[in-house]
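Predicted model and sequence follow; I will ask about them next.
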Amino acid sequence: MDWAETPATMARAFAEEPVLFSGPDGPLRGIFTPPAPEAPCAGHCLVLPGHPRFGNQRLAVIAARVLAAEGFAALRFDFHGHGESGGTSTGADRNQPGARDVDAAIRFLCEERAQSRFLLAGYCFDGLSALAGIPASSTATRGGLFASPPVLQRTSAGGEPPLTANRPRWALRLRRWWRHPLEFSMAARADHVRHPSPTDSPNADRCVKIAKVVEDAIAALISSGAPALFIYGENDSLYAEFKIAERQLLAALNGDPRRLLQVEVWPGSVQSFESAPALLERTIRWAREFHPARGSHQL
Amino acid sequence: MATFCLGHLDDGSLRELNFMASSSKPMNSELVPAAGAAGPIRSPDEDRHFFASAGHALYGVLRPGTRPNAPLIMFCNSFAADQDAKWRAEVIGAREATARGFTTFSYHPRGHGDSSGNFASITFDDLVDDALNAAQHALERSGANRLICVGIRFGALVAAELIRRRGDVSALALWEPIHAARGYFRELMRQNLYREMAQRARPSVNVDEMMERLLPATSITVPGFQLYGRFSSSAIGKELMQSLETWRGPTLLAQFRKRTELTRENLRLRRMLQRRGIRVAAVVVREKPIYNGRDDPWLSAGQLIESTSEWFDGLG
């Protein structure tokens, strides 16, 4: 990403402190960025989980330093099994978000770094994990930004459409040939064309299941009164998932609880690395709203 | 998942290394009790810190070993988004080597990972400068007086340049090395074409045209990151064999591909080094090279790490 440092952010880089704290599945490692002493205190600590913590073009690294230069504290850390943290190496699994790691990070910040108000932010799986970490830390969480988090359980969100899932391959080929007799090559078709997501189905609301962690997190957000910002791209498959959650979870809300949950739908895609600069800029702008000297959210 | 791992001995014959057991088992980076388990948290003694390189704050991790007078093992990681998945393999590999008594050092060059710097403005020479500064810093901090370099993917080119400029590197391990920067950039651009074709679009330009358009002031989108012309023009002439022209030390060549035989480039490199009387150990890790995504086999590169650690041990 094309991002030039300022002397203030460079000073934050040199002030950063590698930290180690215990998590439920092994020791977790991260980097704590202390707020700039010369900046007015923001009174909030940004928690940026990652796999690794500098993934997705170092969004968390840059956001931590920019906001620390403005008075925020920040912690970015690796989930267990990723980066430098302990635990068995695994891929990111949406059915097992790192909520307990987020909880461990917040406990560490409370106990070891005297932080008491937290802003959680993450992209995709990291966003889901940050969201899933809210129930345990809801009293201390003051806001969350979740960029394109998956919200459906994996068994129902990917793979074959439900109607064709159990059919033999020859039957699928025959069906396809019948529908598209002039197209012989399966290989040239993109995955999303060959296997449309079940979220595209008119019966999607009955076919898919919203992850329990998402239901719990939204309930916790509403009860805590912390505002949350969800960002999706209108062309993203994860937005199709979220629309189901909107219908099933958010439609019933009204008044203040609904106003707490803000949804931004950007043109095009958020699930691409080209959107990283815009996401970075939006994350910084969102966090600034919590700064007592600049923002609209009260401490 | 991996099936087995073949090692090429110095004489060119193949041997099957006994990694069947580890291939199906995900790697744990360290053996520590989980929180809540009895006893305090035990963690390897890792010295994680920032150090200065040309005005930048670089992130580094020194893991002190127990072998007296052993060389320091320094890792040169891959480039851009490729670093994200390889970093885990590097961390586990470094911890394994430390467990065997070697002092190891990992770092993030500028514009990468936790270090400072603008990715859009870095050049190949910047990466080499950072590697040189990291080596100097690690030797001073650890008290070691010799180096073993591990070059991972694009980091192999950086490690080779480091070797050319320093006289104290005693061995070199190359993990799925990039042999020529030009070929690497072309491969990245070719993946753009595949992506367009998968989306049923007719590619608007071919790879040669993309290369021509990538001027120092421009950039091009490749899978996972933005490739800046400033970097590509600074690196495009770099070749592994050229940088290793004067290299004389023992070398490990690890290939991370689905095929059982060494690739043409790896064979050429091995022959060139063997002609100079260099001991070359080659390891073929049979994995499907998925360079991005949740099933990236580098996340659990157990065979690669185990064979590399055995090779370190064999160096004495």
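Cool, got the structure. From a predicted model like this one, the values you see are computed outputs, not experimental measurements. Numbering: from 1, shown residues only, chains lettered A, B, ... in the order given.

What count of nearby residues applies to residue 248?
Here I'm looking at chain A. The local packing of residue A:248 (other C-beta atoms under 10 Å in any protein chain shown) involves 15 other residues. (Each C-beta comes from the backbone N, C-alpha and C, glycine too.)

if you could check chain B rather than the one you did, that'd help
Number of residues near residue B:248 (other C-beta under 10 Å) recorded here: 13.

mind checking the backbone torsions on it?
For residue B:248, the backbone dihedrals (degrees, to the nearest 10) come out as phi -130, psi 0.

what about it, distance to residue B:276?
Here the criterion is C-beta to C-beta, to the nearest Å. By it, residue B:248 lies 7 Å from residue B:276.

Likewise for residue A:259?
Summarising the geometry, the distance separating residue A:259 from residue B:276, computed by C-beta to C-beta, is 72 Å.

Residue B:154 versus the nearest residue to residue B:153 once chain neighbours are set aside, what's the distance?
When the adjacent residues along the chain are set aside, residue B:153 lies closest to residue B:78, with 3.8 Å between them (C-beta to C-beta, 6 or more residues apart in numbering or on different chains). When distance is defined by C-beta to C-beta, residue B:78 is 5 Å away from residue B:154.

In contact with the spatially most central residue of chain B, which residues?
Centrality entry for chain B: nearest residue to the mean C-alpha point is residue B:152, 0.9 Å, by C-alpha atoms, centre = their mean. Residues in contact with residue B:152 (C-beta atoms under 8 Å, 6 or more residues apart in numbering or on different chains) are B:75-78, B:86, B:89-90, B:175-176.

May I ask you to confirm that residue A:294 belongs to a strand?
No: counting by DSSP: H, G, I helix; E, B strand; the rest coil, residue A:294 is located in no strand; its state is coil.

That one reaches residue A:288, doesn't it?
Yes: with contacts counted by C-beta atoms under 8 Å, residue A:294 reaches residue A:288, the gap being 5.3 Å.

Pick out whichever of those two has more residues nearby.
For residue A:294 versus residue A:288, neighbours defined as other C-beta under 10 Å are more numerous around residue A:288 (19 against 13).

Phi, psi for the more buried one please.
Torsion angles at residue A:288 (phi, psi; degrees, to the nearest 10) stand at phi -60, psi -30.

the strands in the stretch 1-150 of chain A, which residues?
The residue ranges that make up the strands of the stretch 1-150 of chain A, judged by DSSP state E, counting those that start in this stretch, are A:17-23, A:26-33, A:45-50, A:73-78, A:118-123, A:141-147.

Make CSV out of the ones you listed and add distance to chain B, mean neighbour count and mean pLDDT.
As requested, the strands of the stretch 1-150 of chain A are arranged in CSV below (distance: least, C-beta to the nearest C-beta, whole Å; neighbours: other C-beta atoms under 10 Å in any protein chain shown; pLDDT from 0 to 100):
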stretch, distance to chain B, mean neighbour count, mean pLDDT
strand A:17-23, 4, 20, 95
strand A:26-33, 5, 27, 96
strand A:45-50, 10, 28, 96
strand A:73-78, 8, 28, 97
strand A:118-123, 13, 28, 94
strand A:141-147, 17, 26, 92
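
now these in TSV, with distance to residue A:65?
Formatted as TSV, the strands of the stretch 1-150 of chain A follow (distance: least, C-beta to C-beta, whole Å):
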stretch	distance to residue A:65
strand A:17-23	13
strand A:26-33	6
strand A:45-50	11
strand A:73-78	8
strand A:118-123	14
strand A:141-147	17
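
I'd like to know which of those strands is closest to residue A:104.
Each of the strands of the stretch 1-150 of chain A has some distance to residue A:104 by C-beta to C-beta; the shortest is strand A:17-23, at 4.2 Å.

mind checking how far the closest one is from the chain centre?
Taking the mean of its C-alpha atoms, strand A:17-23 sits 21 Å from the chain's own mean (C-alpha atoms, centre = their mean, to the nearest Å).

who's in contact with it?
With C-beta under 8 Å, 6+ apart as the test, strand A:17-23 has contacts from A:27-34, A:75, A:77, A:80, A:85-87, A:100-101, A:104-105, A:107-108, A:112, B:34-35, B:41, B:43, B:48-49, B:59.

between it and strand A:26-33, how many degrees?
Strand A:17-23 runs at 150 degrees relative to strand A:26-33, counting by axes from the mean of the first three to the mean of the last three C-alpha atoms, to 10 degrees.

Tally up the residues packed near residue A:126, please.
Here the number of neighbours of residue A:126 (other C-beta under 10 Å) works out to 29.

Now do the same contact list for it.
Contacts for residue A:126 (C-beta under 8 Å, 6+ apart) come out as A:48-51, A:55, A:79.

Would you mind measuring from the spatially closest residue to residue A:8 that is not a sequence neighbour to residue A:14?
Once its chain neighbours are removed from consideration, residue A:8 has its nearest residue in residue A:69; the separation is 3.9 Å (C-beta to C-beta, 6+ apart). From residue A:69 over to residue A:14 the distance is 12 Å, taken as C-beta to C-beta.

of these two, who's got more company?
When residue A:69 is set against residue A:14 and neighbours are counted by other C-beta under 10 Å, the residue ahead is residue A:69, at 23 against 12.

List the contacts of that one.
The neighbours of residue A:69, taking C-beta under 8 Å, 6+ apart as the test, are A:6, A:8-9, A:11-12, A:36, A:39.

Next one: residue 87, what pLDDT does it get?
Picking chain A for this. Per-residue confidence at residue A:87 stands at 87 (pLDDT).

not what I meant, chain B
Residue B:87 is assigned a pLDDT of 92 by the prediction.

what's the burial count for it?
Taking other C-beta under 10 Å as the neighbour definition, residue B:87 ends up with a count of 27.

try residue B:108
If you count neighbours by other C-beta under 10 Å, residue B:108 ends up with 25.

Report the contact partners of it.
Contact criterion C-beta under 8 Å, 6+ apart gives A:54, B:58-60, B:77, B:83, B:114-115 as the residues in contact with residue B:108.

for residue B:87, same thing?
If a contact means C-beta under 8 Å, 6+ apart, then residue B:87 has A:52, A:83, B:77, B:113 as its contacts.

can you pick the most crowded of those?
Each of those was scored by neighbours using other C-beta under 10 Å; the highest score is residue B:77's, at 27 neighbours.

That one contacts residue B:105, correct?
No: under the criterion of C-beta under 8 Å, residue B:77 lies out of contact with residue B:105, with a separation of 11.6 Å.

on that earlier part again, just the ones of the contacts of residue B:152 in strands?
Judged by DSSP state E, strands contain the following of these: B:75-76, B:175.

Tabulate those residues (TSV), appending pLDDT and neighbour count.
Below are the ones in strands among the contacts of residue B:152 laid out as TSV (pLDDT from 0 to 100; neighbours: other C-beta atoms under 10 Å in any protein chain shown):
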residue	pLDDT	neighbour count
B:75	97	27
B:76	97	30
B:175	94	30
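
Looking at these, which is nearest chain A?
Of all the ones in strands among the contacts of residue B:152, residue B:75 has the smallest distance to chain A: 12.9 Å, by C-beta to the nearest C-beta.

Next, work out how far apart the closest one and residue B:84 are.
Distance, residue B:75 to residue B:84, by C-beta to C-beta: 15 Å.

swap in residue A:136?
When C-beta to C-beta is applied, the distance between residue A:136 and residue B:84 equals 28 Å.

ok, the two, which is more surrounded?
Neighbours per residue, other C-beta under 10 Å: of residue A:136 and residue B:84, the larger number sits with residue B:84, 27 against 18.

Can you tell me the closest non-neighbouring residue to that one?
The spatial neighbour of residue B:84 that comes closest, neighbours along the chain excluded (C-beta to C-beta, 6+ apart), is residue A:55 at 4.9 Å.

Can you tell me what sits against stretch B:52-64?
With C-beta under 8 Å, 6+ apart as the test, stretch B:52-64 has contacts from A:10, A:13-14, A:16, A:18, A:31, A:84, B:44-51, B:94-95, B:98, B:103-110, B:113-117, B:126, B:129-130, B:133-134, B:137-138, B:141-142.
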